[in-house]
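In: one predicted model, sequence on top.
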Amino acid sequence: MIKTLKVKPFVYTKNLLNLTVLNKNQFNKNKQKIALMPNIVHYLDAASLCLVIVNYFKQIYNVNFYSIHDCFAVPCNKVNNLIGLLKIAYCIIYSDNKYLLEFDSNFRSTIKKSYGKDAVSFNEEEGKIIIKFKTDTFILKYPSIKSVIESKISKINLKDSKYLIH
């Protein structure tokens, strides 16, 4: 079911916007499953972009920063600053234990909601997820997030790194 709302976003004008809102109780589960990975990638790109932009303007009082999705452009003399900020943003997103634990927890909850909590089990020792779906059983690799966190390199010298990520 689709519902249209009229919204007046600005006090200083009489213009109205029409917003189309879907009924959140009716989702196409197959579309949701197919869209999961692309949405995660877009989310991570957006998160890194936000971190880079916020930190760029904290360091540099220059408004010459351009971006389209995950592509960036800055003046030539600021490229090294941008590379450093990208390294920091990626380390924050991909190595923050709290973020990774919360992401894993949400991902597991989503899997359980999709297939039913009784149909899904995680084997931490073997790093597997077992999904019982109708008459089939699927066993997939799913490493324990704790093993991922414990295997991280504790100290990365970003300043001297020649690579964007390690």
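Out: Alright, I've got the coordinates.
In: use CA for all of it now, contacts and neighbours both
Out: Fine.
In: any idea how far apart the tips of stretch 63-77 sit?
Out: Across stretch 63-77, the terminal residues are separated by 14 Å (Cα to Cα, to the nearest Å).
In: buried residues, that stretch. List them.
Out: residue 74 (16 or more other Cα atoms under 10 Å).
In: which residues does it contact?
Out: Contacts with stretch 63-77, where a contact means Cα atoms under 8 Å, 6 or more residues apart in numbering, come from 45-46, 49, 57, 82.
In: state the mean pLDDT of that stretch.
Out: Stretch 63-77 carries an average pLDDT of 81.
In: need the max-distance pair from the contacts of stretch 63-77.
Out: 45 and 57 (18.4 Å; Cα to Cα).
In: for this protein, which spans come out with low pLDDT?
Out: 1, 23-27, 62, 151-166 (pLDDT under 70).
In: where exactly do the helices run in the protein?
Out: Secondary structure of the chain (DSSP state H): helices at 29-59, 79-95, 97-115, 145-150.
In: for residue 31, see how far away residue 120 is.
Out: Counting by Cα to Cα, the gap from residue 120 to residue 31 is 20 Å.
In: more neighbours: which of the two?
Out: More crowded of residue 120 and residue 31, by other Cα atoms under 10 Å: residue 120, with 19 against 9.
In: with residue 105 as the reference, measure out to the nearest residue in space to that one that is not next to it in sequence.
Out: Spatial nearest neighbour of residue 120, chain neighbours left out: residue 131 (4.7 Å); criterion: Cα to Cα, 6 or more residues apart in numbering. The gap separating residue 131 from residue 105 is 17 Å, by Cα to Cα.
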